[in-house]
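# Sequence plus predicted model, see below.
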Amino acid sequence: MPLQVGSPAPSFCLPDEEGREHCLEHYRGHPVVLYFYPKDNTPGCTTEALGFKDLYERLARAGVIVLGVSPDDPARHRRFKAKYGLPFPLLSDPEHRVLEAYEAWGPKKIYGRETIGVLRKTYLIDPEGRIRKIYPKVRPKGHAQQVWEDLQALGLVAAPQE
């Protein structure tokens with residue numbers, strides 16, 4: 001059955017760029033932005049990561065956890081994170097188990113050719129572990145800002161005071 005808004009987010013544990021394990025259960029009580037991306041150091045993935053970096057302080061103050069997931073190994077994540085000063089964990093899923101559980105691995109078209117790979121998707125998970133929003137086809141530019149606005153609209157973070 002496909003994942004839907006309101007359903008429990010699939011449980012997982014994956015290593016980050018330093019080999020430390022991150023499990024979704026560790027973040028209960030916090031909203032989680034779980035974003036899936038194809039490959040470190042590529043233009044779209046860099047744009048998306050930098051968008052979350054630019055908003056990270058605001059997200060962190062609001063208690064939001066940001067987790068990036070790709071099939072890249074921890075060493076590649078470490079280099080990518082260091083190169084761009086990314087302040088959030090990048091999780092490694094080379095066997096595609098979590099990518100598949102979150103329907104972020106499958107057929108896609110690249111330059112008119114169909115291939116199997118990472119589908120750029122993002123999930124907003126509430127503090128109780130339920131999926132509150134699914135972004136099935138992410139455009140990297142401006143995505144982080146849209147996520148922030150949706151976190152506010154869904155009541156997962158407080159709207160800024162005027």
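Good, I have the coordinates.
# hmm, which helix or strand of the chain has the shakiest average pLDDT?
One helix or strand of the chain scores below all others by mean pLDDT, DSSP states H and E: strand 105-110, with a mean of 86.
# Check which element follows that one along the chain.
Going down the chain from strand 105-110, the next helix or strand is strand 113-118, by DSSP states H and E.
# Mean confidence (pLDDT) on that following strand, please.
The average pLDDT within strand 113-118 is 90.
# strand partners of the next helix or strand after it, parallel vs antiparallel please.
Of the helices and strands lying after strand 113-118 in sequence (DSSP H and E), the nearest is strand 121-125. Strand 121-125 has its sheet partners listed here by DSSP bridges as strand 32-36 (antiparallel), strand 131-135 (antiparallel).
# Export these to TSV and append columns for mean pLDDT and mean neighbour count.
Quick note: C-beta positions are derived from backbone N, CA and C, even for glycine. Formatted as TSV, the strands paired with strand 121-125 follow (pLDDT from 0 to 100; neighbours: other Cβ atoms under 10 Å):
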stretch	mean pLDDT	mean neighbour count
strand 32-36	98	25
strand 131-135	97	18
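# Mind checking those strands for the one nearest to Pro43?
strand 32-36 (16.1 Å; Cβ to Cβ).
# Excluding chain neighbours, what is closest to the residue nearest the centre of the chain?
The residue lying closest to the centre of the chain (Cα atoms, centre = their mean) is Tyr35, at 1.5 Å. Excluding the flanking residues, the one nearest Tyr35 by Cβ to Cβ, 6 or more residues apart in numbering is Thr122, at 4.3 Å.
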